[in-house]
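Enquirer: any chance you could fold what I've pasted below:
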Amino acid sequence: MLFIVEQNFWKIVKLMLNKDSVIMRHCEERERRSNLQNVSRLPRRFFQNLLAMTCVGLIYITNVSYAQTTRILEDEKNNIEIYENVNKAVVNITTRRVQVNEFFLLAVPSEGSASGFVIDKQGHILTNYHVIENAKDLVITLYNGQPYQAKLIGVDPDDDIAIVKIEIPPEKLFPGMLDPGSELKVGQKVLAIGNPFGLDRTLTTGIISSLGRALRSENNRLIKGIIQTDAAINPGNSGGPLLNSNGYIIGVNTAIVSKVGQSAGIGFAIPIKTVKKVIKDLIAYGYVIRTNIGILQAYETGNGLLITQLEPNGPAQAAGLSGPRLIVQRRGAIEYRSIDHSAADLITAVDGKEIKTFDELLDYIELKKPGNVVNVSIIRGKKRLTIPVTLGKSKAV
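Expert: Just a heads-up that it's a prediction; the model follows:
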């Protein structure tokens, strides 16, 4: 490299001078001598240049490697911080049930494992209702491997939520932070922590795949606003937290869609805003107090809701709404019973709002408070009537 630079230097000088000048001849002589000297020094210069290039290469590789390492750490830093801050809030829930073998009529014990997370320093732990349903024994295992017997505090089957409690000194608890109400967006990063297949406090990451999904709860109520994610959720993740990149809990992992019962990239979480509405009632009463209209079942006709069952002495019946009529006929010693659905009222609207499904009716009523009056528009026979109904309250258990 130095040999080439030196040759080029004397060539440039010659171009700047007159070819007949003394200086020009001097330059030609210097160029000739330089060529001879460089040829003799070529092996030494070759190795010098090779060494220099090797050092430059090593410096370059080191810098690239360091830059890549720094970049990876920056990408992973958020995941690491969230896991370190939240994983102590996540618990393993072991349930023991007794199932009856119908063939041998024997009680057969069974055991399950799921997740939950601490929500306060008093020892309250949030999980799914289907995790603890019919459980005879609940054992909570904390981050340090210490097991504790848990007591069931409250359940909300409508939203698939339950709260259990352990007795433990507050300093040993590290509650997770519930999201204060940030707006969720499809595509934003989410993290799930749980105990899939019994593997303690496993972290998986993904994105919000969709929002506003609907999911049927254990008692067939429709849970709305469900979060869909592609973060890996497997059996054992149920009840665990779904977090955003700020470390806030934005949902409770509850279900997966898979033909083989394992993660297929479609998981669901109950939004934390739904959970926050019922936590106080669950801790205070053990159930959720909901506004009640007193209609237990209704058939969706496409033109409205045909009442099929009313709560005895409930708000709707007390207001004068009618369900199907039971017809009893006797023919000799035989009694015949039939149901006349034509006697039932067809609900078309509530407070002027068109109602087509039972879920729409319940959703609207839950926006009201016990004691509020709603105007129910019905078709009875060939008549159109509007009946005011004073709403009551019910225990959602």
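
Enquirer: and the helices in the protein?
Expert: Secondary structure of the chain (DSSP state H): helices at 2-15, 22-40, 42-86, 129-132, 272-285, 315-319, 358-365.

Enquirer: mean pLDDT lowest for which of these?
Expert: With a mean of 48, helix 2-15 has the lowest mean pLDDT of the helices of the chain.

Enquirer: quickly list what residue 307 is bridged to.
Expert: Note on residue 307: beta-bridge partners residue 298, judged by DSSP bridges.

Enquirer: helices and strands around the strand ranked longest in the chain, which ones?
Expert: The residue-count maximum for a strand in the chain (DSSP state E) belongs to strand 202-216. Under the contact criterion of 3 or more Cβ pairs under 8 Å, 6 or more residues apart in numbering; DSSP states H and E, strand 202-216 touches helix 42-86, strand 189-194, strand 222-229. Yep, even glycine has a C-beta here, placed from its N, CA and C like the rest.

Enquirer: so what strands line up beside it?
Expert: Partners of strand 202-216 in its sheet, by DSSP bridges: strand 189-194 (antiparallel), strand 222-229 (antiparallel).

Enquirer: give me the contacts around it.
Expert: 79, 83, 87, 184-196, 222-233, 254-255, 266, 268 (Cβ atoms under 8 Å, 6 or more residues apart in numbering).

Enquirer: now, of those residues, which are buried?
Expert: With burial judged by 16 or more other Cβ atoms under 10 Å, the buried subset of the contacts of strand 202-216 is 83, 87, 184, 190-196, 222-223, 226-233, 254-255, 266, 268.

Enquirer: picking that back up, pull the longest strand of the chain out as PDB, backbone CA atoms only.
Expert: The C-alpha coordinates for strand 202-216 follow below in PDB (Å, rounded to 0.1, in the frame of the first residue of the first chain):
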ATOM      1  CA  THR A 202     -42.800 -18.800  32.500                       C
ATOM      2  CA  LEU A 203     -42.600 -15.700  30.300                       C
ATOM      3  CA  THR A 204     -43.900 -15.600  26.800                       C
ATOM      4  CA  THR A 205     -44.200 -12.600  24.500                       C
ATOM      5  CA  GLY A 206     -46.300 -11.600  21.500                       C
ATOM      6  CA  ILE A 207     -48.700  -8.900  20.300                       C
ATOM      7  CA  ILE A 208     -52.300  -8.000  20.700                       C
ATOM      8  CA  SER A 209     -53.800  -9.800  17.600                       C
ATOM      9  CA  SER A 210     -57.400  -8.400  18.000                       C
ATOM     10  CA  LEU A 211     -59.600  -6.500  20.400                       C
ATOM     11  CA  GLY A 212     -63.300  -6.700  21.200                       C
ATOM     12  CA  ARG A 213     -63.700 -10.500  20.900                       C
ATOM     13  CA  ALA A 214     -66.500 -12.200  22.700                       C
ATOM     14  CA  LEU A 215     -66.200 -15.400  24.700                       C
ATOM     15  CA  ARG A 216     -68.800 -17.600  26.500                       C
END
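
Enquirer: next, the buried residues of that strand.
Expert: 202, 203, 204, 205, 206, 208, 209, 215.

Enquirer: now that strand against helix 358-365, angle please.
Expert: If you take axes from the mean of the first three to the mean of the last three Cα atoms, to 10 degrees, strand 202-216 sits at 100 degrees to helix 358-365.

Enquirer: and strand 202-216, how far out from the chain's middle?
Expert: Relative to the centre of its chain, strand 202-216 is centred 5 Å away, using Cα atoms, centre = their mean, to the nearest Å.

Enquirer: how about stretch 114-131?
Expert: The chain centre lies 15 Å from the centre of stretch 114-131; the measure is Cα atoms, centre = their mean.

Enquirer: what of stretch 88-96?
Expert: The chain centroid and the centroid of stretch 88-96 are separated by 18 Å under Cα atoms, centre = their mean.

Enquirer: any idea of the mean pLDDT in it?
Expert: 92.

Enquirer: in it, what's buried?
Expert: 88, 89, 90, 91, 92, 93, 94, 95.

Enquirer: leaving out sequence neighbours, find the closest residue to the second one.
Expert: Leaving aside its chain neighbours, residue 89 sits nearest to residue 176 (3.8 Å; criterion: Cβ to Cβ, 6 or more residues apart in numbering).

Enquirer: state the number of residues packed around residue 244.
Expert: 19 (other Cβ atoms under 10 Å).

Enquirer: how about it, nearest residue that isn't a chain neighbour?
Expert: residue 250 (5.1 Å).

Enquirer: ok, the one you found touching residue 231?
Expert: No: taking contacts as Cβ atoms under 8 Å, residue 250 lies outside contact range of residue 231: 11.7 Å.

Enquirer: intersection of neighbour lists for these two?
Expert: 190, 242.

Enquirer: what is the neighbour count of the residue nearest to residue 348 when sequence neighbours are not counted?
Expert: Leaving out its chain neighbours, the residue that sits closest to residue 348 by Cβ to Cβ, 6+ apart is residue 304, at 4.2 Å. Applying other Cβ under 10 Å, we find 22 other residues in the vicinity of residue 304.

Enquirer: got a list of what residue 304 touches?
Expert: Going by Cβ under 8 Å, 6+ apart, the list of residues near residue 304 reads 346, 347, 348, 349, 355, 356, 379.

Enquirer: redo that, cut-off 7 Å
Expert: Listed by Cβ atoms under 7 Å, 6 or more residues apart in numbering, the contact set of residue 304 reads 346, 347, 348, 355, 356.

Enquirer: can you check residue 365 too?
Expert: 291, 293, 391.

Enquirer: just among these, which is most surrounded?
Expert: Of the contacts of residue 365, with other Cβ under 10 Å as the count, residue 293 tops at 27 neighbours.

Enquirer: looks like that one contacts residue 315 (just checking).
Expert: Yes: taking Cβ atoms under 7 Å as the definition, residue 293 is a contact partner of residue 315 at 5.6 Å.

Enquirer: identify the contacts common to those two.
Expert: What both residue 293 and residue 315 touch, as defined by Cβ under 7 Å, 6+ apart, is the set 389, 391.
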